[in-house]
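Undergrad: no sequence on hand, only this structure:
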């Protein structure tokens, strides 16, 4: 088959995938609705910073640009919880310096486009809105955002990396027996700017992901390289309790922050302005199957599996799609019938699993991290990891610091929760869980049950 | 507000709902894509016979046409299971003559349109395809199937009763935060005709729903008033085991029936022809929320909750939507802001519950009904119902012979399963479950736990 591919979407996943295909010797055309961010500036579709972790870094290594991104990434070694009283509690994400990394969506996208442009066999077409795919003729239809002129292009391979509201997926939806779901949280989010201090440094500890957990809602903040933070408030749209609909005036917003996030007020000099002018955005989980049409069309990234942001895995999952596909090109020697078949068969479970993990982690972040018993579970899990290396890897580490398939991590995490519940039901365990032979006995029994 | 409504869809739910609104004094316009079935003959979208049960009958009573439908309905008092060897096992659905009723979709629809037409304040418009709804202008757009002429109509109230592939719902999908899922079974179905005997009578017991349960697949047959039966084969589309894709030739189809349904072969004189010419259709579950737009647009029936057919509740659930809405008109005195709000708040859980019940019942019908332990559970459940009237109503009876909300029935059914598992774990219970004081003790304990 002719080694030629068309990619719809030049965001993070689309431009990374273009690089990997170009490296494999494919002729690649990428069509992106937005203007070229190198000249026009980056127009973000979603939150402006992202948490890069192990799965994402591996894909950047494959593309050969990890070293260009590292210097602009800020290590976050754990969660810093802010209580209403302003007390800080730090909870590490991993061990031995393991961290997740705050990176700028726009900066990363521009860097990916720059590296892509260094390949002669790769072309970007900006300002081209995808209107749909003619599945049987391998044709993609476009309209110029500037001129309205309509064009089309044929290619033997078509990739839909065009995000949560994918036009490629919309064409697949017309197929018989296509499974699809879009499910919105009853929460919205609003981004709020924390500027640097007068000396240019970060106003709070830059090497942590800050969380203000408040049970039914929360605020978080991630550091940016320019000394600022991006704060994000997650709050129900409507309802009896605290909700965006009840924060209509600047006075109401201010009173809400004074009541629930008093220690953050000095960080937000423009709170009232930002609150009024920044949009309140929705949060969706999108699942579908199949992700392909025959051996011609394949969805990847958010187009295949859009998830809520609470595990910091959206971009990482999309980048891992690219890593896996790239490895399959080698494994199946460019046989796309085999590659698309295998990817569609093996990867959908992982897309569903990371969606579930992300939804669960919202409860963990906004509520459980303020619960002493939950924190004890985390401590016991870390203790087991220490004591039984290679036998016990906490769920968070599996998701964030490993390449274990998400679907396996989800199952393992459920088994771990069951183990920790058994341990916590031991009498007097709260004061006596370290070097407790009963804990070891339960762990060994749990291991045997799983192997049997 | 002006008492005027537009209904998209003149199928079973749309025409019943039109009658109920007309009885309440509303001016009603019904737009239906298909031609008038009274002159053109009925063009079925789905299976040709249906199982009417208590929820459906109540709605027909409200519309005043129960007495017109009863004579053409055939009582099915239970399931008749056919083993591979041709052995028959009968399992009653309820007690004291309780039955579900096989009715003809076409006959019922025509009867509903006839009664509707007797109202001066109700008009049918056939051959009008809905193109969508202008939500903010309360406008519905149509195209004539015959002439292609496009028209539109405004109405203060718009009801989408236009089925699983609803055009009204498609317009709601464009709203922000609209939740939607379409999920297909990996099974298809094919209808096969069982003609009457030479003397015009039914070839097998007409007062039962016949099932040929075969574990991973099944066939069923429902009686028709003309002496025929409609057989339906449910089988995976693809796969390693038995599947439609492996029954390409007439010889393969015949060999399949000889191997798995030998006692049915004499019933199907045209098996090879029917198998070749009748379509293999897909089975979807469709869920969405909200079911409304403000106090203007409301979905009901399959447009709101399309389910698989295995509990015989699709039409019954749609008719119950109409009963509930009709009662709400009285309760809220035509205040549609209150009615649509309450219906959307209270009924979606029931739509989701009946979808879940229908999916679960497929496993029961194709597999469990051939399992002696499952049949024992049913017997013990019937025994508890007998012994503790008013305290134990089996799930099937709640769904089929009561007006208990589906969501409550689903919860109660799960609790009952747990009770039956406890009872079946008693030593020696298989030979000793009648008049066993331990069974009574467990039942009493279970009751107390639920009340406490």
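TA: Nice, thanks for sending it over. Keep in mind the model is a prediction, meaning the values are calculated, not measured.

Undergrad: residues near residue A:399, how many?
TA: 26 (other Cβ atoms under 10 Å in any protein chain shown). In short, each C-beta sits where N, CA and C put it, glycine included.

Undergrad: over to residue A:24?
TA: 15.

Undergrad: how about residue A:196?
TA: The number of residues packed near residue A:196 is 15, by other Cβ under 10 Å.

Undergrad: same deal with residue A:294?
TA: Residue A:294: 14 neighbours (other Cβ under 10 Å).

Undergrad: what's near enough to touch it?
TA: By Cβ atoms under 8 Å, 6 or more residues apart in numbering or on different chains, the residues touching residue A:294 are A:135, A:340.

Undergrad: surely residue A:409 and residue A:400 touch.
TA: No - contact criterion Cβ atoms under 8 Å: residue A:409 and residue A:400 do not qualify, at 9.6 Å.

Undergrad: partner strands of the strand or helix carrying residue A:30, parallel or antiparallel?
TA: Following DSSP states H and E, one finds residue A:30 within strand A:27-32. Applying DSSP bridges to the sheet, strand A:27-32 is found paired with strand A:4-8 (parallel), strand A:122-126 (parallel).

Undergrad: and the contacts of the first one?
TA: Right, the one you point to is strand A:4-8. By Cβ under 8 Å, 6+ apart, the surrounding residues in contact with strand A:4-8 are A:14, A:17-18, A:21, A:26-31, A:130, A:133, A:140, A:153, A:155-162, A:166-168.

Undergrad: neighbouring contacts of whichever helix or strand comes after that strand?
TA: Proceeding N to C from strand A:4-8, the next assigned helix or strand is helix A:12-23, under DSSP H and E. With contacts defined as Cβ under 8 Å, 6+ apart, helix A:12-23 is touched by A:5, A:7-8, A:10, A:28, A:30, A:32, A:59-60, A:62-65, A:105, A:108-109, A:112-113, A:115-116, A:119, A:121-122, A:124, A:159, A:161-162, A:300-302, A:315, A:318-319, A:321-322, A:325-326.

Undergrad: run the chain-centre distance for helix A:12-23.
TA: Taking the mean of its C-alpha atoms, helix A:12-23 sits 18 Å from the chain's own mean (Cα atoms, centre = their mean, to the nearest Å).

Undergrad: in it, which residues are buried?
TA: Neighbour counts over helix A:12-23 (16 or more other Cβ atoms under 10 Å in any protein chain shown) mark A:12-23 as buried.

Undergrad: so which of those residues comes closest to residue B:69?
TA: Set against residue B:69, the nearest of these by Cβ to Cβ is residue A:13 (56.2 Å).

Undergrad: tell me the contacts of the residue nearest to that closest one when sequence neighbours are not counted?
TA: Nearest residue to residue A:13, sequence neighbours excluded (Cβ to Cβ, 6 or more residues apart in numbering or on different chains): residue A:301, at 3.3 Å. Residues in contact with residue A:301 (Cβ under 8 Å, 6+ apart) are A:9, A:11-14, A:161, A:163, A:317-318, A:321.

Undergrad: how close does residue A:301 sit to residue A:163?
TA: Using Cβ to Cβ, to the nearest Å, one obtains 7 Å as the distance from residue A:301 to residue A:163.

Undergrad: between these two, which contacts overlap?
TA: Contacts common to residue A:301 and residue A:163, judged by Cβ under 8 Å, 6+ apart, are A:9, A:11.

Undergrad: check the gap between the one residue in the stretch 201-350 of chain A that gets nearest to chain B and residue A:234 for me.
TA: Proximity of the stretch 201-350 of chain A to chain B (Cβ to the nearest Cβ) peaks at residue A:282, 5.3 Å away. From residue A:282 across to residue A:234, the span is 11 Å (Cβ to Cβ).

Undergrad: next: residue A:402.
TA: The gap separating residue A:402 from residue A:234 is 27 Å, by Cβ to Cβ.

Undergrad: assumed the residue of the stretch 201-350 of chain A closest to chain B was part of a strand.
TA: Yes - Residue A:282 forms part of a strand when assessed by DSSP: H, G, I helix; E, B strand; the rest coil.

Undergrad: which residues touch it?
TA: Per Cβ under 8 Å, 6+ apart, neighbours of residue A:282: A:184-185, A:188, A:237, B:176-177.

Undergrad: try 10 Å this time
TA: By Cβ atoms under 10 Å, 6 or more residues apart in numbering or on different chains, residue A:282 lies in contact with A:184-189, A:237, B:176-177.

Undergrad: give me the lowest-pLDDT entry from these.
TA: In terms of pLDDT, the lowest of the contacts of residue A:282 is residue B:176, showing 92.

Undergrad: let me know the secondary structure of it.
TA: At residue B:176 the chain is in coil, as set by three-state DSSP.

Undergrad: same deal with residue A:433?
TA: coil.

Undergrad: I'd like to know which elements the worst-scoring helix or strand of chain A on mean pLDDT is packed against.
TA: Scoring the helices and strands of chain A by mean pLDDT, DSSP states H and E places helix A:37-40 at the bottom, with a mean of 86. Counting contacts by 3 or more Cβ pairs under 10 Å, 6 or more residues apart in numbering or on different chains; DSSP states H and E, helix A:37-40 is packed against helix A:105-117, strand A:122-126.
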